[in-house]
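sequence and predicted structure, then a few things I'm wondering about:
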There are 2 protein chains.
Amino acid sequence: MIIIQEAESARRNGSSSSLVTFAKGTPIYREGDTSHYWYEVVSGIVRTCRFLADGHRQLTGFYYAGEVFGIEDDSHGETAEAVTDVFIRRHERTADTLEDVDSAASKSHRLALQRALQAARDCIFLFGHKTALARVAAFLIAMTERMHARGDVELPMSRSDIADHLGLTIHTVSRTMSDLARQGLIALDGPKSLRILDGARLRALAGDDIVGNGKRNPALVS
Amino acid sequence: MIIIQEAESARRNGSSSSLVTFAKGTPIYREGDTSHYWYEVVSGIVRTCRFLADGHRQLTGFYYAGEVFGIEDDSHGETAEAVTDVFIRRHERTADTLEDVDSAASKSHRLALQRALQAARDCIFLFGHKTALARVAAFLIAMTERMHARGDVELPMSRSDIADHLGLTIHTVSRTMSDLARQGLIALDGPKSLRILDGARLRALAGDDIVGNGKRNPALVS
DNA sequence: CGAAACCTTGACTTTAATCAAGGTACGTGG
DNA sequence: CCACGTACCTTGATTAAAGTCAAGGTTTCG
């Protein structure tokens, strides 16, 4: 990890942030580490995960440019690693910054918490009663939307990352992607590059429309 | 729903709370409802859930006496229902109470957010790569600990609730419970009442010990 | 150019869902 | 108090889905 810049932003709150960089595959913090900082992706992609004794790994999220992670109090409940080479803005977490609700840091922290909770619940929802096909379809849609892509999608993470995120094996992920390609819903230009050919049918497969109040998942809206 | 008491607690913040009661099976709020309040269980049990178009339901949590739910900003992302007859303390959510970080309300709100995030992530973890046996075992352990029970456990929720919570069918939940009983790990005194006979083996089955930093899930500690 | 890591695919096995039936507990009304 | 109905729970047989085992192909990077 290399510190690029020490910025004394928001000086009145006593909070400071620095721009740091991590090479592909290296850890940013580890499960159990004390939360000295919280983080914001400047460029590249980050994954957060936990490890089980039986060797399994569960990815709890991917974070793209502009997104925030590592916002737990006290100690980090998960490990964060760089999926690609990344630039990260690292924000100091002092008693001050968290207590002063007017600070930009505290506001964005609260918002990040809300968003993290929403994301975690969406994930639970996806895991509950969904087939491999639905999970992969939902994943592809989510990634497309987060990259603001239109048709062309880059998947910077490995099949193993995707599998550990969706609660599947790499085999099932691979097979499912091939199935989607065979059915003409997507085109695989390579393992990490694909095009979405039939977004509507893909969304239908993901099938995450919610009953009640006429409220629907934004993923459904074309 | 019956309002029992209107309390003007924490008057200086302009926040107030009331004690209300709901009959078994009735909704406390619905998915999409504007978040006018947040809630605290006084007695009884509450479940939160979401519904899919295909008829499936996903329970995102059970809440026991003393626990807090419905803490999302803006609008509720899930429905809350009474599992048993319940008494609920309903807290008003005004711009004031949330901005004033010194208020007890805001502090407990933030803590509740953190805890909700932790709970959601534990749930994801459970769902990722776990067999029906491990899920049911983990569920029984979690329920035992939350009720501060020692051996004897009451399960006030139906098999259907448990199934929708664990991402299984009622059949699999029922079979798995019977298996555990057959193996002598638990004794079923009735569908809603059981005793844990071999907590150690049950924990081993749940297998949620985490690798790294020597930090382990509290559920593992006997 | 070669090695290592990663991805895809096929055959088989395991797990949980589905289909189907019967049992149990509880509440209501006769 | 008992009979009946309903909702809930359990269990068995069968089917579908994803994991495991195994092998071969591709990409990437030194």
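Alright, I've got the coordinates.

and the strand or helix carrying A:His109 with helix B:104-128, angle?
Per DSSP states H and E: A:His109 is located in helix A:104-128. Following axes from the mean of the first three to the mean of the last three Cα atoms, to 10 degrees, one obtains 40 degrees for the angle between helix A:104-128 and helix B:104-128.

please see if helix A:104-128 touches DNA strand C.
No - Helix A:104-128 lies out of reach of DNA strand C by Cβ under 7 Å from any atom of the strand, never closer than 9.3 Å. Quick note: C-beta positions are derived from backbone N, CA and C, even for glycine.

can you get me the centre-to-centre distance for that helix and its chain?
Relative to its parent chain, helix A:104-128 has a centroid offset of 11 Å by Cα atoms, centre = their mean, to the nearest Å.

return the helix or strand that that helix is followed by as CSV; C-alpha atoms alone will do.
Moving toward the C-terminus from helix A:104-128, the next helix or strand (DSSP H and E) is helix A:132-146. Coordinates of each C-alpha in helix A:132-146 appear next as CSV, following Å, rounded to 0.1, in the frame of the first residue of the first chain:
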residue,chain,number,x,y,z
ALA,A,132,-28.6,-20.4,-10.2
LEU,A,133,-30.0,-18.9,-13.4
ALA,A,134,-31.9,-16.2,-11.5
ARG,A,135,-28.8,-15.3,-9.3
VAL,A,136,-26.5,-15.0,-12.3
ALA,A,137,-29.0,-13.0,-14.3
ALA,A,138,-29.6,-10.6,-11.3
PHE,A,139,-25.8,-10.3,-10.8
LEU,A,140,-25.3,-9.3,-14.5
ILE,A,141,-28.0,-6.8,-14.3
ALA,A,142,-26.7,-5.3,-11.1
MET,A,143,-23.2,-5.0,-12.5
THR,A,144,-24.4,-3.4,-15.7
GLU,A,145,-26.4,-0.8,-13.8
ARG,A,146,-23.5,0.0,-11.4
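
the closest residue to A:Arg110 other than its chain neighbours - how many residues pack around it?
With sequence-adjacent residues excluded and distances taken as Cβ to Cβ, 6 or more residues apart in numbering or on different chains, A:Arg110 is closest to B:Arg110, at 7.4 Å. Residues near B:Arg110, counting by other Cβ atoms under 10 Å in any protein chain shown, number 20.

ok, back up a step: is any residue of the helix holding A:His109 near DNA strand D?
No - Helix A:104-128 stays clear of DNA strand D (Cβ under 7 Å from any atom of the strand), getting no nearer than 11.0 Å.

by contact count, what packs against that helix?
Counting contacts by 3 or more Cβ pairs under 8 Å, 6 or more residues apart in numbering or on different chains; DSSP states H and E, helix A:104-128 packs against strand A:57-63, strand A:68-69, helix A:95-99, helix A:132-146, strand B:57-63, helix B:104-128.

name every strand pairing with the second one and say which way it goes.
Strand A:68-69 pairs in its sheet with strand A:37-43 (antiparallel), by DSSP bridges.

buried stuff in the helix holding A:His109?
Residues A:105-106, A:109-110, A:112-114, A:116-117, A:119-128 are the ones in helix A:104-128 that count as buried (16 or more other Cβ atoms under 10 Å in any protein chain shown).

over to stretch A:31-40?
A:31-33, A:37-40.

contact partners for the most centrally placed residue in chain A?
Centroid check for chain A by Cα atoms, centre = their mean gives A:Phe62 as the closest residue, at 2.1 Å. Contacts of A:Phe62 were listed using Cβ atoms under 8 Å, 6 or more residues apart in numbering or on different chains, and they are A:45-47, A:83, A:143, A:146, A:157, A:161, A:165.

possible to save those as a markdown table with pLDDT and distance to DNA strand C?
Below are the contacts of A:Phe62 laid out as a markdown table (pLDDT from 0 to 100; distance: Cβ to the nearest atom of the strand, whole Å):
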| residue | pLDDT | distance to DNA strand C |
| --- | --- | --- |
| A:Ile45 | 95 | 14 |
| A:Val46 | 96 | 17 |
| A:Arg47 | 96 | 13 |
| A:Val83 | 96 | 11 |
| A:Met143 | 92 | 14 |
| A:Arg146 | 87 | 19 |
| A:Met157 | 96 | 8 |
| A:Asp161 | 97 | 8 |
| A:His165 | 94 | 13 |
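
those in strands, which ones?
A:46-47 (DSSP state E).

now, among the contacts of A:Phe62, which is nearest to B:Thr26?
A:His165 (36.9 Å; Cβ to Cβ).

pretty sure the closest one contacts A:Arg50?
No - if you go by Cβ atoms under 8 Å, A:His165 and A:Arg50 don't touch, sitting 11.7 Å apart.

quickly list what's touching both of those two.
In contact with both A:His165 and A:Arg50: A:Gln58, using Cβ under 8 Å, 6+ apart.

what does chain A have sitting close to DNA strand C?
A:158-160, A:170-171, A:173-175, A:177-178, A:188, A:191-192.

can I get the residues you listed in TSV with neighbour count, pLDDT and distance to DNA strand D?
Below are the residues of chain A next to DNA strand C laid out as TSV (neighbours: other Cβ atoms under 10 Å in any protein chain shown; pLDDT from 0 to 100; distance: Cβ to the nearest atom of the strand, whole Å):
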residue	neighbour count	pLDDT	distance to DNA strand D
A:Ser158	14	97	10
A:Arg159	18	97	10
A:Ser160	13	97	12
A:Ile170	14	98	8
A:His171	10	98	4
A:Val173	23	98	8
A:Ser174	16	98	9
A:Arg175	15	98	8
A:Met177	19	98	13
A:Ser178	12	97	12
A:Leu188	14	95	10
A:Pro191	11	92	6
A:Lys192	13	94	6
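
how about chain A: which residue is closest to DNA strand C?
A:Ser178 (2.9 Å; Cβ to the nearest atom of the strand).

that residue and B:Leu197, how far apart?
47 Å (Cβ to Cβ, to the nearest Å).

for the closest residue to A:Val86 other than its chain neighbours, give me its contacts.
Once flanking residues are discounted, A:Val86 sits nearest to A:Gly44: 3.1 Å by Cβ to Cβ, 6+ apart. Residues near A:Gly44 by Cβ under 8 Å, 6+ apart: A:65, A:82-87.

now stretch A:16-27, how far from the chain's geometric center?
Distance, centroid of stretch A:16-27 to centroid of chain: 16 Å (Cα atoms, centre = their mean).
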